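> pasting the structure only:
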């Protein structure tokens, strides 16, 4: 079976300040099965050598398949390993369900769906090179599932999800370093609950987040705090009087808690991303509900604390009826600094389930998407810089939100290096939406050098470089508020 991965790579020069510490930007789509079967991918793990580990999952003939792979800092697949789970199909969780341990072994948490039986939570442990060390299945007569995971200080992990014991409740399970079960806990009320994420608190306990179905048949964001034995200390719900979304949270060094999710501003509007700042006991300090749109949007990953005290949060937003991956950057009070959408196509779903901060100061998002030809649903990784850009300089364009990640062959510059002028060949796939097309040239210092409209799609467009000083520049192709493609040109 052949693994099929497609890749867009952008490598900055090592000298300009604009690219310092942010060497790679790329997008990877990986058909783990190699035959077009739908793949899912919930998370990505970072390694100190700047490589990544990810797991693509698919089903064939009632069996679950896993493809563990290592991705280099430039987005290439270094190796892959294929495993079969013969006892049922598999489902993956989302935020942080793949993570690296201190000895460079790495874990994945998800769910096994046996034929004719109730699902069970499952954990796999891999060596740094992708061999399986052990796997643990949490068998019970109940419906159990894992949606989130965090590592613990003793080298083990704690998983969360739901257990249906007549009604769905929050399910926690903790394992030791070798996968031995330490304890399991079920928390909840007479209503339906589900946990989607867990994070380690400074006292060794846990923050557990998800949703609760209230008596009025609406969903609220749920936050539980437990001790290190999983015993419940307190629980709170947040949200509007109308049905909201799941929550994701992390504890700050101050002891406060930042909680991300989605809620409604009124009964007749779609869900919007929301950010809460909470005291250590869960009391609200402030709330920011982001701009209303006609289509829904949610935060759907544990928030990342940035050096300036602000936050980076991933999620999803419907754009013209199609789900897109979402990355938002805020200041310390939750005010929006920038927002980016990511997609591979205009027609079928694109989802990001997790975001991690990378060692070069950028971000990597993990999820699933169809390729631009709409052939198959693949595992999807998007590596961007600290501004959320796939090509340096996207932050200079006012109103830019969406970036299409799979049009890597849309631009070709020749000659390159160039002197007074160069030709830009534009070959967008048939069916790609094209409105208000324009080409822009950005310097390595992040300054917009020139921008010009393209009246129609011609085989080539001549870009005048006569006023450009010698050096490296980046060419961007934009369509209204959408970034379509980019490449680099050297001016001699």
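Nice, I can see it. Everything numeric in this text was worked out from a predicted model, so none of it was measured. Numbers count the residues shown, from 1 in each chain.

> Does the nearest residue to residue 129 once chain neighbours are set aside lie in a helix or a strand, and which?
Using CB to CB, 6 or more residues apart in numbering and skipping the chain neighbours, the partner closest in space to residue 129 is residue 79 (6.8 Å). For every residue, glycine as well, the C-beta is placed using N, CA and C. Element membership for residue 79 (DSSP states H and E) is strand 77-85.

> low pLDDT regions in the stretch 351-492 of the chain?
455-457 (pLDDT under 70).

> could you pull out the strands for it?
Using DSSP state E, counting those that start in this stretch, the strands of the stretch 351-492 of the chain run over 363-370, 377-384, 402-404, 411-414, 421-426, 437-443, 448-453, 460-464, 471-479, 482-491.

> Check the stretch 201-350 of the chain too.
Counting by DSSP E, counting those that start in this stretch, the strands of the stretch 201-350 of the chain are 206-213, 219-226, 232-238, 248-251, 257-263, 272-278, 284-289, 297-299, 304-305, 311-319, 322-330, 336-343, 350-357.

> Comparing the strands of the stretch 351-492 of the chain, which comes out most buried?
Compared across the strands of the stretch 351-492 of the chain, strand 377-384 shows the largest average neighbour count, a mean of 27 (mean count of other CB atoms under 10 Å).

> Provide the strand pairings for it, with the direction of each partner.
strand 24-31 (antiparallel), strand 363-370 (antiparallel) (DSSP bridges).

> that older thread, who wins for proximity to residue 32 among the strands of the stretch 201-350 of the chain?
strand 350-357 (15.7 Å; CB to CB).

> Paired strands for that closest one, with orientation please.
strand 363-370 (antiparallel).

> picking that back up, residue 480: which of the strands of the stretch 201-350 of the chain is closest?
Per CB to CB, nearest to residue 480 of the strands of the stretch 201-350 of the chain: strand 311-319, 11.8 Å.

> Next one, pLDDT for residue 62 please.
For residue 62, the pLDDT comes out at 89.

> try residue 267
89.

> Quick check, it in contact with residue 242.
Yes. Between residue 267 and residue 242 there is a contact under CB atoms under 8 Å: 5.1 Å.

> neighbour count winner among these two?
Neighbours were counted for residue 267 and for residue 242 using other CB atoms under 10 Å; residue 242 has more, 17 against 10.

> so that one makes contact with residue 264?
Yes. Using CB under 8 Å, residue 242 makes contact with residue 264 at a distance of 4.4 Å.

> in the stretch 51-200 of the chain, which segments are predicted with low confidence?
Using pLDDT under 70, the stretch 51-200 of the chain drops low at 190.

> all strands for it, in order.
Under DSSP E, counting those that start in this stretch, the stretch 51-200 of the chain gives strands at 52-60, 63-71, 77-85, 89-92, 98-100, 106-113, 120-126, 132-138, 143-151, 157-164, 168-175, 181-187, 193-200.

> how about those strands in TSV, adding mean neighbour count and distance to residue 295?
As requested, these are exported to TSV (neighbours: other CB atoms under 10 Å; distance: least, CB to CB, whole Å):
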stretch	mean neighbour count	distance to residue 295
strand 52-60	24	28
strand 63-71	22	32
strand 77-85	16	34
strand 89-92	22	26
strand 98-100	22	29
strand 106-113	26	29
strand 120-126	23	33
strand 132-138	16	38
strand 143-151	24	25
strand 157-164	26	28
strand 168-175	25	28
strand 181-187	16	34
strand 193-200	25	22
